[in-house]
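K.L.:
quick one: sequence plus predicted model below, questions after.
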Amino acid sequence: MTVLVTGGAGYIGSHVVRLLRQRGDDVVVVDDLSSGVADNIGDTPLVQLDLSRPEAIDALVTLIGEYEVESVIHIAAKKQVGESAQRPAWYYTENVGGMANLLQAMESAEVNKLMFSSSAATYGNPDVPPGSRMSEDVPSAPISPYGETKLVCEWMMRDAAAAWGLRGVGLRYFNVAGAGWPELGDPTKFNLIPIAIGALAEGKQPVIFGNDYPTADGTCIRDYIHVLDLADAHLAALDYLDREDRDYDVFNVGTGTGSSVSEVLTKIGRTTGYDVQPVIGDRRAGDPADLVADVSRIRDALGWTATRDLAAMVDSAWQAWEPTHGAPAVPPS
Ligand code: UDP
């Protein structure tokens, strides 16, 4: 059986592809290479395709036949919150349009197993007591076009499940970090850990976006999940789709443990050897104080739990820094 992985050449996708192949699954990757890198997937077959283009449906139907695809892991998407606020229509075209084309192709090629990468951004800024864990039952109320597109894609999957028997599962990623292999590090600097390491590597200090939140140290708390744990959850979700007793569902993917921005930066200082003296900046608009996953549903349904902690994420992100970003301009002291 072949698994089609869309976005398989990207940071998260390439970890999923590597784990699938390690366990012996056949894989074909579809990626438009707008942010993915062909080298990330070695000799895995790669079809370069933008899923949101009208011709994508026919191309997908053809490749599903050619590679005997039986299930799909759909990761390809635009994923920058700020950019989505500036170019909302483009985000809908790419993310929702891509999902629509994929679902049409799957229906017409009679492939009915789909794992979709969703996001904790579907929760928005939830009105829950501080310190509580986000369960999947908390109403979705995204506050960015990015989060909205992820929620709409979940609905599309749910509707396809009702209409033609799609077996779908959505994974709501929390804060993904780290690297499973040094050459597969996060190439971007859009999230706290790579932003902070990137700043230090240029001789600057990281900035904390507000230290007056109602948390123990005043900085925001997030649930950081190792990319290799996340990739492992994809394999568990794929296996879940084979079961007769599964329903359409969405699952949080996190550790269930929160870390504050200050704690993350302290860990980065210890791991890298840089002298970290963060600058306290203003709050960033739209940041919830505390967003930590309730992970009981994925544990109960899929038997999956995260096994790696924040130290492993920071350590592996640092090990991957030079292979992914080049040598730091300022070496640690
Ligand atoms: N953050 C920060 N400084 C930075 C980048 C991020 O203080 O340079 C904080 C941000 O306000 C949030 C947390 O780090 O509380 C995680 O932010 P990130 O953008 O990585 O992920 P998000 O939770 O927003 O998806």
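P.N.:
Cool, got the structure. Residues are numbered from 1 along each chain as shown.
K.L.:
any buried residues in the lengthiest helix in the chain, and which?
P.N.:
Criterion DSSP state H: the longest helix present in the chain is helix 145-164. Using 16 or more other CB atoms under 10 Å as the test for burial, helix 145-164 gives 145-154, 156-158, 160-161. The way it works is simple: take the backbone N, C-alpha and C, and place the C-beta from them, glycine included.
K.L.:
tell me what it is packed against?
P.N.:
Helix 145-164 sits against helix 81-86, helix 88-91, helix 97-109, strand 113-119, strand 167-173, with contacts defined as 3 or more CB pairs under 8 Å, 6 or more residues apart in numbering; DSSP states H and E.
K.L.:
what residues does the stretch 151-300 of the chain put near the ligand?
P.N.:
175, 191-192, 195, 206-209, 220, 222, 261, 284, 287 (CB under 6 Å from any ligand atom).
K.L.:
burial measure for residue 173, as a count.
P.N.:
Close neighbours of residue 173, defined as other CB atoms under 10 Å, add up to 24.
K.L.:
residue 215 now?
P.N.:
18.
K.L.:
residues contacting it?
P.N.:
By CB atoms under 8 Å, 6 or more residues apart in numbering, residue 215 lies in contact with 130, 221, 260, 289-290.
K.L.:
tilt between the longest helix of the chain and strand 113-119?
P.N.:
Orientation of helix 145-164 against strand 113-119 (axes from the mean of the first three to the mean of the last three CA atoms, to 10 degrees) gives an angle of 160 degrees.
K.L.:
touching helix 145-164 from outside, list them.
P.N.:
77-81, 83-85, 88, 91-92, 94-96, 99-100, 103, 107, 112, 114, 116, 118-119, 121-124, 140, 142, 166-168, 170, 248, 250.
K.L.:
among these, which ones are buried?
P.N.:
Here, 16+ other CB under 10 Å leaves 77-79, 81, 83-84, 91-92, 94-96, 99-100, 103, 107, 112, 114, 116, 118-119, 121-124, 140, 142, 166-168, 170, 248, 250 buried among the contacts of helix 145-164.
K.L.:
mind giving me TSV with the contacts of residue 215 and columns for pLDDT and neighbour count?
P.N.:
TSV is the format used below for the contacts of residue 215 (pLDDT from 0 to 100; neighbours: other CB atoms under 10 Å):
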residue	pLDDT	neighbour count
130	79	12
221	96	23
260	98	21
289	91	18
290	92	21
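K.L.:
tell me which two in the residues you listed are the farthest apart.
P.N.:
130 and 260 (12.3 Å; CB to CB).
K.L.:
now residue 244, what are its backbone angles?
P.N.:
Main-chain dihedrals, residue 244, degrees, to the nearest 10: phi -70, psi -30.
K.L.:
how many residues are close by it?
P.N.:
Counted with other CB under 10 Å, residue 244 comes out at 5.
K.L.:
please convert the residues of the stretch 151-300 of the chain next to the ligand to JSON lines, extending it with distance to residue 53.
P.N.:
Shown next, in JSON lines, are these (distance: CB to CB, whole Å):
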{"residue": "175", "distance to residue 53": "31"}
{"residue": "191", "distance to residue 53": "29"}
{"residue": "192", "distance to residue 53": "34"}
{"residue": "195", "distance to residue 53": "32"}
{"residue": "206", "distance to residue 53": "39"}
{"residue": "207", "distance to residue 53": "39"}
{"residue": "208", "distance to residue 53": "41"}
{"residue": "209", "distance to residue 53": "37"}
{"residue": "220", "distance to residue 53": "38"}
{"residue": "222", "distance to residue 53": "35"}
{"residue": "261", "distance to residue 53": "39"}
{"residue": "284", "distance to residue 53": "34"}
{"residue": "287", "distance to residue 53": "35"}
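K.L.:
out of the residues you listed, which sit inside strands?
P.N.:
Among these, the members found in strands (DSSP state E) are 175, 207-209, 222.
K.L.:
tell me the one of those residues nearest residue 315?
P.N.:
residue 175 (16.3 Å).
K.L.:
per-residue pLDDT, the most centrally placed residue in the chain?
P.N.:
Most central in the chain under CA atoms, centre = their mean is residue 173, positioned 5.1 Å from the mean C-alpha point. At residue 173, the pLDDT value in this model is 98.
K.L.:
can I assume it is in contact with residue 118?
P.N.:
Yes - with contact defined as CB atoms under 8 Å, residue 173 counts as touching residue 118 (7.1 Å).
K.L.:
buried stuff in stretch 62-82?
P.N.:
63-64, 67, 69-79, 81.
K.L.:
tell me which of those fall in helices.
P.N.:
Those of the buried residues of stretch 62-82 lying in helices (DSSP H): 63-64, 67, 81.
K.L.:
want to throw those residues into TSV with pLDDT?
P.N.:
Formatted as TSV, these follow (pLDDT from 0 to 100):
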residue	pLDDT
63	98
64	98
67	98
81	92
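K.L.:
taking those residues, tell me the two that lie furthest apart.
P.N.:
67 and 81 (33.7 Å).
K.L.:
give the contact list for residue 269.
P.N.:
275-276.
K.L.:
quick one: secondary structure of it?
P.N.:
helix (DSSP: H, G, I helix; E, B strand; the rest coil).
K.L.:
hang on, the earlier thing: from the residues of the stretch 151-300 of the chain next to the ligand, list just the buried residues.
P.N.:
175, 192, 206-209, 220, 222, 261.
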